[in-house]
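Participant: show me how the following folds:
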Amino acid sequence: FEVAKAEFAAAKKAGLKDILDARKAAAKPAAAEEDVKEPPKEIVTAQIAGIEVMDLEDAVKALWKINIYAESGMGCTGPIIRVSDANLEKAHEELKKAGYIN
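Facilitator: Okay, the predicted model is just below:
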């Protein structure tokens, strides 16, 4: 425990907290803070995986903002966004542009 204590003290002295806070603020898209209306519901059978669980609802709202109906959920291997088959490609491109997926 002493080694870990010394390492954390050194990291704190080097400014790790400031670096992490700056990254966290820069990584959060501004679209999530807006009040976005939900588009008309559609049947959602396609899914997009690879989204960080903490960004899931923000990603859904980003799609709603461009009038793509989406729902968040949990798949077998983690968080997913469900969209209609017709909007899958456009939603995937938009989430990639917004930085939610690679």
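
Participant: what is the subsequent helix or strand relative to the helix or strand hosting Lys5?
Facilitator: Using DSSP states H and E, Lys5 sits in helix 2-13. Scanning forward in sequence from helix 2-13 by DSSP H and E, the next helix or strand is helix 16-27.

Participant: next SSE after that following helix?
Facilitator: strand 46-49.

Participant: and that following strand, C-alpha only, in PDB?
Facilitator: The C-alpha coordinates for strand 46-49 follow below in PDB (Å, rounded to 0.1, in the frame of the first residue of the first chain):
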ATOM      1  CA  ALA A  46     -31.100  -2.800 -35.900                       C
ATOM      2  CA  GLN A  47     -28.500  -2.100 -33.200                       C
ATOM      3  CA  ILE A  48     -25.200  -0.200 -32.900                       C
ATOM      4  CA  ALA A  49     -22.700  -1.400 -30.300                       C
END
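
Participant: mean pLDDT per helix and strand in this protein: which one sits at the bottom?
Facilitator: helix 16-27 (a mean of 78; mean pLDDT, DSSP states H and E).

Participant: show the contacting residues for Ala59.
Facilitator: 51, 70, 72, 81, 95, 98, 100 (C-beta atoms under 8 Å, 6 or more residues apart in numbering). Every residue, glycine included, has its C-beta placed from N, CA and C.

Participant: meant to ask about Tyr69, not that
Facilitator: 38-42, 44, 63, 83-84, 87.

Participant: what's the closest of those to Lys13?
Facilitator: Closest approach between the contacts of Tyr69 and Lys13, by C-beta to C-beta: Leu63, at 42.5 Å.

Participant: and the closest one, what are its phi and psi?
Facilitator: Note on Leu63: its backbone torsions stand at phi -70, psi -40 [degrees, to the nearest 10].

Participant: put the alpha carbons of the helix or strand containing Asp58 into PDB.
Facilitator: Using DSSP H and E, the element containing Asp58 is helix 56-65. Extracted in PDB, the C-alpha atoms of helix 56-65 (Å, rounded to 0.1, in the frame of the first residue of the first chain):
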ATOM      1  CA  LEU A  56     -25.500   6.100 -24.000                       C
ATOM      2  CA  GLU A  57     -28.300   8.500 -23.400                       C
ATOM      3  CA  ASP A  58     -26.400  11.400 -24.800                       C
ATOM      4  CA  ALA A  59     -25.800   9.400 -28.000                       C
ATOM      5  CA  VAL A  60     -29.600   8.700 -28.300                       C
ATOM      6  CA  LYS A  61     -30.300  12.400 -27.900                       C
ATOM      7  CA  ALA A  62     -27.700  13.200 -30.600                       C
ATOM      8  CA  LEU A  63     -29.700  11.000 -33.000                       C
ATOM      9  CA  TRP A  64     -33.000  12.500 -31.900                       C
ATOM     10  CA  LYS A  65     -31.600  15.900 -32.700                       C
END
